[in-house]
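J.: fold the following, please.
(2 chains)
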Number of protein chains: 2
Amino acid sequence: MILKNPFSTRSDRWQPIIKAFTKALGAQNVIRRKDELLTYECDGLAAYRQRPALVVLPRTTEEVAQAVQICREYQLPWVARGAGTGLSGGALPVEEGVLIVTAKMKRILNVDLANQRVVVQPGVINNWVTQAVSGAGFYYAPDPSSQIICSIGGNIAENSGGVHCLKYGVTTNHVLGLKIVTPQGEIIDVGGCVPEMPGYDLTGLFVGSEGTLGIATEITLRILKTPEAICVLLADFESIEAAGGAVADIISAGIIPAGMEMMDNLSINAVEDVVATGCYPRDAGAILLVELDGLEVEVSGNKQRVAQLCRQNGARQITSASDGETRLKLWKGRKAAFAAAGHMSPNYFVQDGVIPRTKLVQVLGEIEALSRESGFAIANVFHAGDGNLHPLILYDQAVPGAFEQVEKVGEEILRLCVEAGGSLSGEHGIGADKNCSMPRMFNEVDLETMQYVRAVFNPDGLANPGKLFPTPRTCGEAANQRPQGEFKGASLF
Amino acid sequence: MILKNPFSTRSDRWQPIIKAFTKALGAQNVIRRKDELLTYECDGLAAYRQRPALVVLPRTTEEVAQAVQICREYQLPWVARGAGTGLSGGALPVEEGVLIVTAKMKRILNVDLANQRVVVQPGVINNWVTQAVSGAGFYYAPDPSSQIICSIGGNIAENSGGVHCLKYGVTTNHVLGLKIVTPQGEIIDVGGCVPEMPGYDLTGLFVGSEGTLGIATEITLRILKTPEAICVLLADFESIEAAGGAVADIISAGIIPAGMEMMDNLSINAVEDVVATGCYPRDAGAILLVELDGLEVEVSGNKQRVAQLCRQNGARQITSASDGETRLKLWKGRKAAFAAAGHMSPNYFVQDGVIPRTKLVQVLGEIEALSRESGFAIANVFHAGDGNLHPLILYDQAVPGAFEQVEKVGEEILRLCVEAGGSLSGEHGIGADKNCSMPRMFNEVDLETMQYVRAVFNPDGLANPGKLFPTPRTCGEAANQRPQGEFKGASLF
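T.: Residues are numbered from 1 along each chain as shown, chains lettered A, B, ... in the order given. Prediction:
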């Protein structure tokens, strides 16, 4: 005899729900076995785990709408999940909730090369978009490090960036229109096929809303022409200060590299230990990777100028590569940096904060001091061109209390970023990880305004509850009192 | 004895209101004399006129908030106005309403060259931003034709474009953050100093909201480095088809000109009649102006390629200019095109619609047919690179019923744009002019969603009522029934 646990999907409460999902999506698209649910307990922020009650896998816009309507009917909290590679716990399930996974929505629906746009389902992998159009000389610009496994739907939710967002912008700059299933179960179209659309920019509002406003089920992306030439320069410096000086001078010269990445000494040695590129000098204080793209003449002109500016800032060696193979070699260490951090230490925690470019050297010094005080080594690998830091805090989770301490160090880093005039997140999102830090950037009225906007789409609060915004349950009573109060902004008009 | 007209501000109803405004803003900033109000009866869409009851001129964020609070207290509809150059009637006053004019908010509050941003008040003239930073080698990219007289606040409201938005994007791409006075009289901050901000993109939502969500009182703009080199090419073609072929080929080659403008034969002759540039051949079917900017090497390389692509498409003559003076000479006719239309005919109506670039030749042919059928000459001057058409419909308003017929032709042009997969407006906004056409682009649920978002900020509907969205009063009952109904989306959360 099976004991009926009231919190189990075997309980009486869940029987009609499972029946409804099975009817709408087919039994093979409703997952309820414990061992199968295990996969879905966390996203890329594996330190936070929660088993969902059910996982459902719709295949069409209509099936997504049906799934959302069932959740609404039974007042079940739900979370949308793409490929589950996010780093802020945005797809962390909710206890006793449903996880709506878009992994079976992997079709590229339309390719319109003449108008430079592609329409995809949310489960399409980021890199597939480029693969679908590269033969014709086009590509999709946003390139998170996880681009061969992350999905466009997740990129939309988190407004993902990548090494090329310095020149080309983050996801929101490349989305023309969306078909959305709102948490009310309605299907709406926002944006369109051309960039200039009248009315409120609901496309921009939705991108980066972290699953709290609905699920995008059809996404119209802008694609770009593949640049004629690409060149990568690798320069090594004795100090972060010197490399930072080069970054400032390159930008001041009016050059906008496709990407400009910095790695500190700890990161350099970590990647050389693991992937042995042979290109990154172990005694360097910092290396700078500068990728230039555009027309042949433009790239070769900029290459000379970047090299000169690096030298003026004390660069010791400058290597450059224009052919694909050598470029990959120079990038190899940077691409392996996160994996290498995993070799340096049993665990690492990657933070994501933004600072004004002019504060780079100052904030990196403060992070170094924080590392000394806390006793945790911190490796720095980051998008230097746009001031997007990714400090990797190294720790061992077997040590009791270590993770809690690391979380505090991570929060301190965010405090430094915000105090320097920057931001809590450059590209990973807020999710479950940083929602308690939101009041550092926004005052009560600002947050309240966002909550009111959320309530337009998500009035029952069933879509991704507890994410993005601070809640009393997770952040303490003080964090989020007003949004529980009178709904001032939304009386009838 | 003065008779008390109940609709006059001399009536008893208005006495406490005037007193409140005078107390908050000072008597010199409250305008109520009929002859002084005349200036404010219309914006650049002079065909629509309405005298406001009162005009108030706040000087600070706090004064704007007080003015809005007074409107709220007395439930007075109000309209914000910048420099009044808008072309869609967005700043058209409301009967018995207040006009809040930002003309006295003309301070540049902060210039941060290192981080490439400038903070301004809304009354600052577009061109002043560039003037304030050009000495240091920077500029503000969005450049509406009215840039020497239009204000940044108005640019924000209408999400203004300009000839350079092909490469650099419209206003929304250059706004980092805003201080906003909401229609509730609250002061909120959205966005920030860095482009990457977590939470909902309320900055993007506000830009282009046409005064329906509040008044921006402090605006953080992104500035760009002045390009090292600029070159303008003028090519003339026997037909629009040939010029359109060149546009398609230039874009397909991966070249993104700073601007790419086309003028048809009628426009060419109009400007030659008026400003006699001597550069635009009167027998050409169309001319193309292509501006290239960037590094010296890049511009000179692209110049060769653009010239070659124009020649391949049958260009007869190609002139180019790199120095400032000759460039201005080539641009002179284009810049004078709207003024020249005024010389061709007693009146003209400028339409603003967007089509996918690939439909350029088709839609221009349809517009030509429409011109023949309706009997109104239509001159075409437009941003060819991004498919943003500006047909100028020539008419004489002294002819009874002519304006009404022209309005219908304008609506037909919009229909053609939308049917071709384009948009109702590229850069002028919807305002009072096109709100009845919104259902051509958006279905009921889409428009309803926008209304719910509006209600978050503007629950009493006092901020710019009757603009942007269709209303039963102006567009008939069918246009906008649902948003009057149950407020489904915004119950408490």
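
J.: contacts and neighbour counts: CA atoms only from here.
T.: Will do.

J.: do the helix or strand bottoming out on mean pLDDT in chain A and chain B come into contact?
T.: Ranked by mean pLDDT, DSSP states H and E, the weakest helix or strand in chain A is helix A:472-475, scoring a mean of 83. No. Using C-alpha under 8 Å from any C-alpha of the partner chain, helix A:472-475 never reaches chain B; the gap is at least 14.0 Å.

J.: list the buried ones in that helix?
T.: By 16 or more other C-alpha atoms under 10 Å in any protein chain shown, the buried positions in helix A:472-475 come out as residue A:475.

J.: now for it, which elements pack on it?
T.: Applying 3 or more C-alpha pairs under 8 Å, 6 or more residues apart in numbering or on different chains; DSSP states H and E, we find helix A:472-475 packed against no helix or strand.

J.: need the CA coordinates for it. PDB is fine.
T.: C-alpha atoms of helix A:472-475 as PDB (Å, rounded to 0.1, in the frame of the first residue of the first chain):
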ATOM      1  CA  PRO A 472       9.300  39.100   3.000                       C
ATOM      2  CA  ARG A 473       9.700  35.300   3.100                       C
ATOM      3  CA  THR A 474      13.200  35.300   1.600                       C
ATOM      4  CA  CYS A 475      14.500  38.700   2.400                       C
END
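
J.: kindly report the residues of the stretch 251-400 of chain A close to chain B.
T.: Near chain B, when you scan the stretch 251-400 of chain A using C-alpha under 8 Å from any C-alpha, you find A:252, A:254, A:295, A:297-298, A:301, A:354-358.

J.: among the residues you listed, which ones are in strands?
T.: Among those, the residues falling in strands (DSSP state E) are residue A:354.

J.: between the residues of the stretch 251-400 of chain A next to chain B, which is nearest residue B:113?
T.: residue A:252 (9.3 Å; C-alpha to C-alpha).

J.: now do that closest one, the pLDDT please.
T.: pLDDT recorded at residue A:252 is 87.

J.: what is the neighbour count of it?
T.: By other C-alpha atoms under 10 Å in any protein chain shown, 16 other residues sit near residue A:252.

J.: ok so, going back, which ones among the residues of the stretch 251-400 of chain A next to chain B are found in helices?
T.: Counting by DSSP state H, these place A:252, A:297-298, A:301 in helices.

J.: so which of those residues is the closest to chain B?
T.: Using C-alpha to the nearest C-alpha, residue A:298 comes nearest to chain B of those, at 4.7 Å.

J.: drop anything exposed from the residues of the stretch 251-400 of chain A next to chain B.
T.: A:252, A:254, A:295, A:297-298, A:354-358.

J.: turn those into JSON lines, columns for distance to residue A:136.
T.: Shown next, in JSON lines, are those (distance: C-alpha to C-alpha, whole Å):
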{"residue": "A:252", "distance to residue A:136": "35"}
{"residue": "A:254", "distance to residue A:136": "31"}
{"residue": "A:295", "distance to residue A:136": "17"}
{"residue": "A:297", "distance to residue A:136": "22"}
{"residue": "A:298", "distance to residue A:136": "22"}
{"residue": "A:354", "distance to residue A:136": "36"}
{"residue": "A:355", "distance to residue A:136": "38"}
{"residue": "A:356", "distance to residue A:136": "38"}
{"residue": "A:357", "distance to residue A:136": "36"}
{"residue": "A:358", "distance to residue A:136": "40"}
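
J.: look up how far chain B lies from the spatially most central residue of chain A.
T.: Nearest to the geometric centre of chain A sits residue A:428, at 3.0 Å (C-alpha atoms, centre = their mean). Relative to chain B, residue A:428 is positioned 9 Å away (C-alpha to the nearest C-alpha, to the nearest Å).

J.: gap between that residue and residue B:199?
T.: Going from residue A:428 to residue B:199 by C-alpha to C-alpha, to the nearest Å gives 12 Å.

J.: so which of the residues of the stretch 251-400 of chain A next to chain B is the closest to residue B:443?
T.: Scanning those for proximity to residue B:443, where the rule is C-alpha to C-alpha, the winner is residue A:354, at 38.9 Å.

J.: local confidence estimate at residue A:482?
T.: Reading off the model, residue A:482 has pLDDT 40.

J.: again, but for residue A:193
T.: 85.

J.: is it correct that it is in contact with residue B:422?
T.: Yes. Residue A:193 is within contact range of residue B:422, at 7.1 Å (criterion: C-alpha atoms under 8 Å).

J.: more neighbours, these two?
T.: With neighbours defined as other C-alpha under 10 Å, residue A:193 and residue B:422 compare such that residue B:422 has more, 27 against 23.

J.: skipping its backbone neighbours, what lies nearest that one in space?
T.: Counting by C-alpha to C-alpha, 6 or more residues apart in numbering or on different chains, the nearest residue to residue B:422 once its immediate chain neighbours are dropped is residue B:355, at 4.0 Å.

J.: overlap in contacts, residue A:193 and residue B:422.
T.: Each of residue B:356 lies in contact with both residue A:193 and residue B:422 under the rule C-alpha atoms under 8 Å, 6 or more residues apart in numbering or on different chains.

J.: which among the residues of the stretch 251-400 of chain A next to chain B gets closest to residue A:22?
T.: Nearest to residue A:22 among these, with distances taken as C-alpha to C-alpha, is residue A:354, at 44.4 Å.

J.: quick one: the closest one and residue A:335, what's the gap?
T.: The gap separating residue A:354 from residue A:335 is 20 Å, by C-alpha to C-alpha.

J.: kindly report the same for residue A:174.
T.: For residue A:174, the distance to residue A:335 (C-alpha to C-alpha) stands at 23 Å.

J.: more neighbours, these two?
T.: Neighbour tally, residue A:174 and residue A:335, criterion other C-alpha under 10 Å: the higher count belongs to residue A:174, 20 against 15.

J.: and that one, how far from residue B:358?
T.: According to C-alpha to C-alpha, residue A:174 and residue B:358 sit 19 Å apart.

J.: you'd agree residue A:98 is up against residue A:54?
T.: Yes. When contacts are counted by C-alpha under 8 Å, residue A:98 is listed as touching residue A:54 (4.9 Å).

J.: contacts only, for residue A:279.
T.: residue A:330 are the contacts of residue A:279 under C-alpha under 8 Å, 6+ apart.

J.: pLDDT value on it, please?
T.: pLDDT for residue A:279: 92.

J.: secondary structure class for it?
T.: For residue A:279, the assignment made with DSSP: H, G, I helix; E, B strand; the rest coil gives coil.

J.: just the buried ones among the residues of the stretch 251-400 of chain A next to chain B now: which is nearest residue B:374?
T.: Using C-alpha to C-alpha, residue A:295 comes nearest to residue B:374 of those, at 47.0 Å.

J.: phi, psi for the nearest residue to the closest one once chain neighbours are set aside please.
T.: By the measure of C-alpha to C-alpha, 6+ apart, the closest residue to residue A:295 outside its immediate chain neighbours is residue A:228, 5.1 Å from it. The phi/psi pair for residue A:228 (degrees, to the nearest 10) reads phi -70, psi -40.

J.: so residue A:228 touches residue A:294, yeah?
T.: Yes. Between residue A:228 and residue A:294 there is a contact at 5.7 Å, judged by C-alpha under 8 Å.

J.: have a look at these two and say which one is more surrounded.
T.: Taking other C-alpha under 10 Å, residue A:228 and residue A:294 do not tie; residue A:294 has more neighbours (21 against 15).

J.: I'd like the distance between that one and residue A:397.
T.: Distance, residue A:294 to residue A:397, by C-alpha to C-alpha: 45 Å.

J.: start and end of stretch A:166-182, how far apart?
T.: Stretch A:166-182 end-to-end distance (C-alpha to C-alpha) = 32 Å.

J.: hmm, that stretch touching chain B?
T.: No. Contact of stretch A:166-182 with chain B (C-alpha under 8 Å from any C-alpha) is absent, the minimum separation being 8.6 Å.
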